[in-house]
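> Here you go, sequence then predicted model.
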Amino acid sequence: MNEESLRAALGSLPLDGLRFYQTIGSTNDAALAWAAEGTRDLSVIFAEEQTHGRGRGKRQWITSPESSLAFSLVLHPVGVETVIIPLYSALGALAVSQALESAGLHPQIKWPNDVLLNRKKVCGVLAESVWSGEKVGGVVLGIGVNVQLGSVPPQETLLFPATCIESEVGHPMDRVSILRDILSMLIKWRPALGSKDFIRAWEQRLAFKGEWVAISSEGKPVSSGRVIGLEEDGGLCLEDDTGKIVSVQFGEVSLRPVV
Ligand code: ATP
Ligand code: BTN
C-alpha cells in the first residue's frame, strides 16, 4: 500500500484529511497532536508500521510492517455524542465487526473494545479524549487490525490469544478494502452512537454470552458472573452465582472467560 492507492480507495468517503506514514511511533499520538493543531472532524492517520503502538495503560500494541491496519481518526463530538465518549471504542469495534461480516466472518466483541474471531483477538480499539480546557474538544479513535499472517505477534508475548483475518478466512485479503469498509461502517453508525439500535447491534455480537467471565482492574479481581448482555448505557450485565444481576461500568477493566 502507498499513499496514492490509499487516497484512491478512500476517495469516496467524506474524510476531511488523510495522512499516510510508512513508519510512525503511534497513530494515536500523531492524531492527538494533529487534533491539538486544530484538524477537523473525520481526519485519518494511517501507518504501515508502528514502533510504539499503544493499548490501554502502558500496554503495547504490536503492528508489524505492511501486514495490518493501524489507523486513528480525529472526531469532534457534537450534541449528544459529547456525553457518551466511552461508547466510541464500541463504535470502532462495531464498525470492524460489520466490515468482517461482509467478508463472511463471524466476529464477536469482547466487551468493551476488542474484536474476536474464533475467540481470538483480531482487533483492538483505543479511544482517547482530546481536552480543550475543561471540555472534551475531540476524540481520537485508534484501531489496529491483524490482517495477514505476519501481523500476529508471538503468542507468548500476549495476554490474550490472537489471530488475523487471513488465518480465519483462509485466503488473502485486500487491506485497503477492509479499511474502506471499516470507515464506511463507522461513518454509518456514528449518528446512532448510544441509541437503542446501536446497543442492540453491539449486544448481538457480544462475546462469551451465557459464559462465566471474570472482570479485573489493574490485575485485581472486581467481579465475575455469567454474561447476560448490555445495559442501556453499554455497561456489561452479568449474573452472579446467587442470581443477582451485576452491572460493570466502563473503565480500566479487563474481561476474561473462566474455563
Ligand atoms: P485486556 O487485554 O486487559 O482485556 P485490552 O484487550 O483492551 O485489555 P489493552 O489493555 O489495550 O488490551 O492492551 C493491548 C493488549 O493487546 C496487550 O495486552 C497485548 O497483549 C495485546 N496485543 C498487542 N498487539 C497485539 C496484536 N497485534 N494482536 C493481538 N493482540 C495484541
Ligand atoms: C487494545 O488492544 O485494546 C487497543 C489497541 C489499539 C491499537 C491501535 S493501532 C492504531 C492506534 N495507535 C495506537 O497506538 N493504538 C491504536
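Looks like it came in fine. Ligands and ions are numbered 1, 2, ... in the order given.

> How about the backbone phi and psi for the residue of the stretch 51-200 of the chain found nearest ligand 1?
When scored by Cβ to the nearest ligand atom, the stretch 51-200 of the chain has Gly55 as its residue closest to ligand 1, at 2.4 Å. All C-beta spots, glycine's among them, are computed from the backbone N, C-alpha and C. In terms of degrees, to the nearest 10, the main-chain angles of Gly55 are phi -100, psi -150.

> do you know how far it is from Asp29?
When distance is defined by Cβ to Cβ, to the nearest Å, Gly55 is 13 Å away from Asp29.

> tell me the centre residue of this structure?
Nearest to the mean C-alpha position of the chain, by Cα atoms, centre = their mean, lies Val125 at 2.5 Å.

> Tell me if I am right that it is in a strand.
Yes: Val125 sits within a strand when classified using DSSP: H, G, I helix; E, B strand; the rest coil.

> Report the contact partners of it.
Neighbour list for Val125: 89, 92-93, 96, 113-115, 141-144 [criterion: Cβ atoms under 8 Å, 6 or more residues apart in numbering].

> And for Ser67?
By Cβ under 8 Å, 6+ apart, the neighbours of Ser67 are 146-151, 164.

> What is the nearest of those to ligand 2?
Asn146 (10.4 Å).

> out of the contacts of Ser67, which are buried?
Buried members of the contacts of Ser67, counted by 16 or more other Cβ atoms under 10 Å: 146-148, 151, 164.

> Among these, which pair sits farthest apart?
Asn146 and Gln148 (7.8 Å; Cβ to Cβ).

> shared neighbours, those two?
Overlap of the contact sets of Asn146 and Gln148 (by Cβ under 8 Å, 6+ apart) consists of 67-68, 164-165.

> List, one by one, the residues from the chain near ligand 2.
With Cβ under 6 Å from any ligand atom as the criterion, the chain meets ligand 2 at residues 26-28, 50, 53-56, 61, 70-72, 113-114, 124-126, 142-144.

> any idea which element Glu128 lies in?
Here Glu128, judged by DSSP states H and E, is contained in strand 120-132.

> Starting from the next helix or strand after that strand, tell me which strands it pairs with and how they run.
Counting by DSSP H and E, the element after strand 120-132 in chain order, helix or strand, is strand 135-146. Pairing partners of strand 135-146, with direction, according to DSSP bridges: strand 68-75 (antiparallel), strand 120-132 (antiparallel).

> Tell me how far strand 135-146 lies from the chain's centre.
9 Å (Cα atoms, centre = their mean, to the nearest Å).

> and the nearest residue to Ala103 once chain neighbours are set aside, how many neighbours?
Nearest residue to Ala103 in three dimensions, chain neighbours excluded: Val169, at 6.2 Å (Cβ to Cβ, 6 or more residues apart in numbering). When neighbours are counted by other Cβ atoms under 10 Å, Val169 registers 15.
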